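Asker: give the three-dimensional model of this entry:
(chains A and B)
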Number of protein chains: 2
Amino acid sequence: MKFNNNFITSTGAFLMFLLFFSCGKEEKTTQANNLSSKDDIKDLAQFVDPMIGTAKMAHTYPGATVPFGSVQLSPDTDTIPYAVDGKYNPDVYKYCAGYQYDDSTIVGFSHTHFSGTGHSDLGDFLIMPTTGELKLNPGTETNPDSGYRSRFSHEKETAEAGYYKVLLEDYNIEAEMTASTRVGMHRYTFADKEEAHVILDLMSGIYNYDDKNVWTFVRVENDTLITGFRQTNGWARTRKVFFAMSFDKPIKNYGRARYDKQPYNGFWRKFDQDENFPEIAGEKIRMYFDFDMEAEEKLQIKLAISPVSSEGALNNMKAEIPHWDFDKVKNDAREQWNKELNKVVVDAENDAEMTNFYTAMYHSFLGPTEYMDVDGKYRGIDMNIHQAENFVNYTSFSLWDTYRALHPLFNILQPERNSNMVEAMLAHYDQSVHKMLPVWSHYANENWCMIGYHSASVISDAIVKGNTGFDEERALEAMVQTAKTGYYDGLEYYMEKGYVPEDKNGASVSKTLEYAYDDWAIAQAAKKLGNQEVFEEFSKRSENYKNVYDSASGFMRPKLDNGEFKKEFDALDTHGQGFIEGNAWNYSLYVPHQPAEMIEMMGGKQQFSQHLDSLFSMELPDKYFENTEDISREGIIGNYVHGNEPSHHVAYLYNWTDTPWKSQDKIRMILKDQYQTGADGLGGNDDFGQMSAWYIFSSFGFYPVAPGSTEYALGSPAINRATINLDNGNTFTVIANNQSAENVFVSKVELNGEVLKEPFIDHTDIMDGGELKFYMSSEPNKEIYRENK
Amino acid sequence: MKFNNNFITSTGAFLMFLLFFSCGKEEKTTQANNLSSKDDIKDLAQFVDPMIGTAKMAHTYPGATVPFGSVQLSPDTDTIPYAVDGKYNPDVYKYCAGYQYDDSTIVGFSHTHFSGTGHSDLGDFLIMPTTGELKLNPGTETNPDSGYRSRFSHEKETAEAGYYKVLLEDYNIEAEMTASTRVGMHRYTFADKEEAHVILDLMSGIYNYDDKNVWTFVRVENDTLITGFRQTNGWARTRKVFFAMSFDKPIKNYGRARYDKQPYNGFWRKFDQDENFPEIAGEKIRMYFDFDMEAEEKLQIKLAISPVSSEGALNNMKAEIPHWDFDKVKNDAREQWNKELNKVVVDAENDAEMTNFYTAMYHSFLGPTEYMDVDGKYRGIDMNIHQAENFVNYTSFSLWDTYRALHPLFNILQPERNSNMVEAMLAHYDQSVHKMLPVWSHYANENWCMIGYHSASVISDAIVKGNTGFDEERALEAMVQTAKTGYYDGLEYYMEKGYVPEDKNGASVSKTLEYAYDDWAIAQAAKKLGNQEVFEEFSKRSENYKNVYDSASGFMRPKLDNGEFKKEFDALDTHGQGFIEGNAWNYSLYVPHQPAEMIEMMGGKQQFSQHLDSLFSMELPDKYFENTEDISREGIIGNYVHGNEPSHHVAYLYNWTDTPWKSQDKIRMILKDQYQTGADGLGGNDDFGQMSAWYIFSSFGFYPVAPGSTEYALGSPAINRATINLDNGNTFTVIANNQSAENVFVSKVELNGEVLKEPFIDHTDIMDGGELKFYMSSEPNKEIYRENK
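Answerer: All right, here's what the predicted structure looks like:
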């Protein structure tokens, strides 16, 4: 048997695989790599620009990582605290991914980052090389010389898939980064002969605050190896990350500074712990390691992480990067990216569109991230160590975002990973004391961010689409149990009254609508599995959206415990109107599972089509959304908010009216307006790939309006041709004839040569392979999909 | 094969045993239980009084535990903090074991306690049952009604080996405790029908202070099971203890209070976490569990601990106490104690002496404590989880104390355990970043308490006495490596100059003397193993005591870096004179390995004998030792300090003069003066059994003056007869003919019928079995041991 490099490094389960060879997944693995020869692989990584989204509020990071990698080694341009003395610092929101394009200094390079999230954490194990006077304070952007940070400029900065390079101007050090799944690798080239310091800042972090650091433990094992852990109380309440860090040159001298008050030092006082003392612990610690460097000499560092132990981290390092060949790691990383990117081979109008597309692919494949050691051990939400038996464990589920398009995209492009992600969710469920599937989970913690129980959507979508390596019955049970956890976020009221009363639990309309959709998703899974009882129970619950529709105003509207609608109501405002991160104009359209019924309820097709027109064309004054972190001016078109998720299906809703062509130009407008090259190219938080997945689907010309259904609604393809190389060996090709920036309307669509009579295709149409051909025009075909009706 | 209950529960290695059956220790195990039939076992536990030492400063605890058990379930009568805002509270010293006999209230029952230590930690998972108004504050002794604590009286209190009972007067609750190795079991009988609360105070601890609690994590798994962990930064810097707690009746209602400032609550704010919320975390937490109790109804609790995980704790509980039969656990515990106590069957003058003897046996078998799960997993000092392969892991090594007599006693009475303790020390060494054997280690931490590297003594003693289940070469390497760790406590100066300079490192004389002894011990092991190089190197080092002897004053005296003795010098003072917890009068005699040479150096036998007389007869004014925690008036006879360890061999030194009979009455005086029945019966910290081991040896009439030698110096036996049932199947009997309180002098000693011509016996004399017969008299035989000289 030939081991394929992609399998080994991307699943990280090599050792486990050896152990479980006889019960392994050989068949699936082979399927997962239908691109068997290196020669077939195009260098599509050339079109990836990790800088896209690093300005403004897209919250992407430019650093080095591999697909779904555990390590994201990336520069942090500031590490301002989330709060000091309990007072929130609003500027921190810019630093969800650690990097802001407009900043002029880099504090250092840390190993863990979320991509595109609207809240944050991580930034573990920040490393910074310096020369000259030893400074242990990071300093400030306005006075960088006061600390160890350095000035930099974008002219001397390169970001590629799996590689990042920058010149640290204050020290004349060229810093290069690359990564494998669990290991970040640094290469620092010192221009001059001098004493260098490598700072390891164990206090630094993203969304940091006074007491976020709970404990730190470090051992200098020998003159090249450091191990330890960092424990934090942040977005994740009880988070522990272990590390092993190795230098390719012996440390000359090292030391630490401790910044916490230290009420009790015990008999450790018999040591000078500040210099060359190998065992260090405390709440707030920074360390330094000194080296004598020759001119043009390189210093390399490997830092591996583990959710389990420092022993696990060291094993990860030995397994993934046993050598010091930086270029090999860099090339391997790029190869991994190319393997993933080649799952779709696209022909677009120009390089900018190629860049947009493959950068969206790149952003879509950044998370959820692998969360286990190479031997399959991981930390569960019960804080016990578990063995991933026959699956790869993942973490960082930004589910309120990603259930919409990212996981459906995975069901096409990453079926095995998506099935493993469901396994990870089920492990979370099993280990959760609440017996709940994840809401927003990361690093063995549930952070409870946002609303709903959208794991149900992800699991249902996988079941309904037949992408199940997991136990479907167990999965259904987990969904049902989750949906009946009364103490969760107004759910007991919802179950009792059919809606969440606004006077009992805020953002009540958003919750009611999303619970109703999730309930429908559960019903669909139950139907597929032949469980009539659950199907009926949850089908009934799925109609609860009707309970918050106010026919007088024509909007979904918060209802009180007494059954009356709340009196004061402003359908434009995002604050205090019963919605979360959205206003009634946008959120009222959130019935993705029953658009036809919703349209009927809201006055019928014609009125609804005009209502949508208004949404896109009206003006939303700033005051209605200011101080709503996840909505920014850039993400808004008219009153339509694309920069945040609740409206992501909205442009496709024209398909349920008699004006499907209106979807086509709206979608192309959104693609053009919200997704551009350049650091400031994205209109809102990328949200761990959800925004990017919307781009990919919409570029293909179809979109999963209601995950949990096998149906995709058609839009307007933005590429000339896309060849989707499926893991099952089939190929699905999208062709957009006569496509251009002007020709955004669809005259006709053929599936395998047959003209489509409805604006929908099915998941099997894709997975069976075939050809979807759009004929494009600058003028709408108002009779499209109706020729035979 | 028949599994012997003692083996299963006392080694706790049952599961490991099953796994490693083929490479197991069957032979040794069989040997270890030569008392094969239950009928042979006498109820010697009747003579154990756990109350002895609970008053004043002996620091013993009265609660329930099994021999070398991981759990010590015992009442805490106060939990005053070690320090508040960095200011030390001297009263805390009374509470090293949590209990003070003279106190009038009990705060609760916690599960981990040191026995007899002179510094402290632990007190984990304090449980207190209450009725009436819910109080979450412990309250104070002066105002017990202000908190959950209760008044109690000794009339309604019982302490036995493995069992403790007390009436909690404020609530009319009878509280009973018992334990297995890893599980504490509680039985509370409520006199009246009412609502009861069980407080679980996760902030409470021994030697607690403001920031000792680092993190707490709790899950209410179901209506009878709680799991979690507590992480502290105290004497142990990075300590984590996991637990699983089970009720025999469903919880009616529960809740928590959190006492730390909580800078960030995140999206957990969507829950009411104060009541009936099953996932709790934070720095400072107290919980309560409510039950409706009928009159005379009993509520039982099992709480298991683990060094590894809450999963490990739960497994420990299931393996050790799978039922709810409190009386069975209590009886099993007593049976375990009787098995251990029956290793010596003693005939003494009266019940008080029987009680003193068997309570000393009890105290000697309280630690080191087992430190691993039933499956053999334990936390190493590297914070990684390790598997104990073919050994039982132990922790809480109070080595500065216990190397003197306790581990030598184990080499006779607990050879397998002592060998396992050495394995545990070697595992510590392997996992230590310093590559040092333990100094004072507990719970996967080195606390560095006191001085020297006395692991070397323990290991050497085992090697020299042939009690080695461990790899001797590896052990020698570990000893040598430890003894060469330059940055440890003045060792680099000691290696360079042959002494520790007082101006470089305080308590320099004590360190020099103890290093010299330890070095000798290493040399003895090297000699036994045929390593001439190490033997010579360390034999040379072992003479370093000569470098701090000041012939002008006749005392060991601090020397400065420049080679001159420090000018100011007071041989009586325990402060700032170059000694730790001792003065020059006592510490100058610390050359246990070369007493003859020391005596010669100090003026010869006659002068030395008189010098010793002076030590015992002179007066030591309070001012010379006040504020020296480990020395109290009760522990002093003349200027001889028995209540602390450095002089424990001193009374035996007359054997190297021409006046060996002086040893005899001094030893009997010490036995009588320092070891009495009653809570205040002990003269100083029992120091994890070292004081008690001194009592046992001295009662036998012999003592290991220099562990690392096979020689025992003879004294004066204080029992009429002692039958030592050795694990190797042999029996060694000590007979003291005509022994009484008055007949303290030895006229003649016969070993197996032959008159001894020297006041020494060898380890093989004991282990081969036989009879040591003392002929006692009220008058000294001044020619004893010299008949043939």
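Asker: and the next helix or strand past the helix ranked longest in chain A?
Answerer: When chain A is parsed with DSSP state H, its longest helix is helix A:508-528. The C-terminal neighbour of helix A:508-528 among helices and strands, as given by DSSP states H and E, is helix A:532-541.
Asker: so which elements touch that next one?
Answerer: If you count contacts as 3 or more C-beta pairs under 8 Å, 6 or more residues apart in numbering or on different chains; DSSP states H and E, helix A:532-541 packs onto helix A:472-482, helix A:508-528. (C-beta placed from N, C-alpha, C; glycine too.)
Asker: mind doing that once more with 7 Å?
Answerer: Secondary-structure packing of helix A:532-541 (3 or more C-beta pairs under 7 Å, 6 or more residues apart in numbering or on different chains; DSSP states H and E): helix A:508-528.
Asker: could you dump the helix it packs on to PDB, C-alpha only?
Answerer: Output of helix A:508-528 as PDB, limited to C-alpha atoms (Å, rounded to 0.1, in the frame of the first residue of the first chain):
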ATOM      1  CA  SER A 508     -36.900  36.200  20.900                       C
ATOM      2  CA  VAL A 509     -37.900  36.400  17.200                       C
ATOM      3  CA  SER A 510     -34.500  35.400  15.900                       C
ATOM      4  CA  LYS A 511     -34.500  32.400  18.300                       C
ATOM      5  CA  THR A 512     -38.100  31.400  17.400                       C
ATOM      6  CA  LEU A 513     -37.300  31.500  13.700                       C
ATOM      7  CA  GLU A 514     -34.000  29.700  13.900                       C
ATOM      8  CA  TYR A 515     -35.400  27.000  16.300                       C
ATOM      9  CA  ALA A 516     -38.200  26.500  13.800                       C
ATOM     10  CA  TYR A 517     -35.800  26.000  10.900                       C
ATOM     11  CA  ASP A 518     -33.600  23.600  13.000                       C
ATOM     12  CA  ASP A 519     -36.700  21.700  14.000                       C
ATOM     13  CA  TRP A 520     -37.500  21.300  10.300                       C
ATOM     14  CA  ALA A 521     -34.000  20.000   9.700                       C
ATOM     15  CA  ILE A 522     -34.500  17.400  12.500                       C
ATOM     16  CA  ALA A 523     -37.800  16.400  10.900                       C
ATOM     17  CA  GLN A 524     -36.100  15.900   7.500                       C
ATOM     18  CA  ALA A 525     -33.500  13.600   9.100                       C
ATOM     19  CA  ALA A 526     -36.200  11.700  10.900                       C
ATOM     20  CA  LYS A 527     -38.100  11.300   7.700                       C
ATOM     21  CA  LYS A 528     -35.000   9.900   5.900                       C
END
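Asker: which residues touch A:S396?
Answerer: Neighbouring residues of A:S396 by C-beta atoms under 7 Å, 6 or more residues apart in numbering or on different chains: A:114, A:367-369, A:442, A:688.
Asker: ok, back up a step: the longest helix of chain A to helix A:472-482, inter-axis angle?
Answerer: Angle, helix A:508-528 to helix A:472-482, by axes from the mean of the first three to the mean of the last three C-alpha atoms, to 10 degrees: 160 degrees.
Asker: average model confidence for helix A:508-528?
Answerer: Mean per-residue pLDDT for helix A:508-528: 98.
Asker: ok, now stretch A:758-774?
Answerer: Mean predicted lDDT for stretch A:758-774 stands at 98.
Asker: OK, contacts around the spatially most central residue of chain A?
Answerer: Central residue of chain A (C-alpha atoms, centre = their mean): A:F688, 1.7 Å from the mean position. Counting by C-beta under 7 Å, 6+ apart, A:F688 touches A:114-117, A:366-367, A:396, A:398, A:401-402.
Asker: looking at these, which is nearest B:L168?
Answerer: The shortest approach to B:L168 among the contacts of A:F688 belongs to A:S396, at 48.9 Å (C-beta to C-beta).
Asker: is the closest residue to the closest one other than its chain neighbours in a bridge, and if so with what?
Answerer: Leaving aside its chain neighbours, A:S396 sits nearest to A:H442 (4.4 Å; criterion: C-beta to C-beta, 6 or more residues apart in numbering or on different chains). Beta-bridge pairing for A:H442 (DSSP bridges): A:N445.
Asker: which stretches of the stretch 251-400 of chain A form helices?
Answerer: Ranges of helices in the stretch 251-400 of chain A, per DSSP state H, counting those that start in this stretch, are A:310-320, A:326-341, A:351-364, A:399-402.
Asker: of all these, which lies closest to B:E133?
Answerer: It's helix A:399-402; of the helices of the stretch 251-400 of chain A, that one is closest to B:E133 (C-beta to C-beta) at 43.2 Å.
Asker: the closest one close to chain B?
Answerer: No - counting by C-beta under 7 Å from any C-beta of the partner chain, chain B has no neighbours in helix A:399-402; the shortest distance is 11.0 Å.
Asker: CA atoms only for that helix - export them in CSV, please.
Answerer: Backbone C-alpha positions of helix A:399-402 (Å, rounded to 0.1, in the frame of the first residue of the first chain) are rendered in CSV as follows:
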residue,chain,number,x,y,z
LEU,A,399,-22.2,26.9,13.6
TRP,A,400,-24.6,29.9,13.5
ASP,A,401,-22.5,30.9,10.5
THR,A,402,-21.3,27.8,8.8
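Asker: so for that helix, what's the average pLDDT?
Answerer: Throughout helix A:399-402, pLDDT has a mean value of 98.
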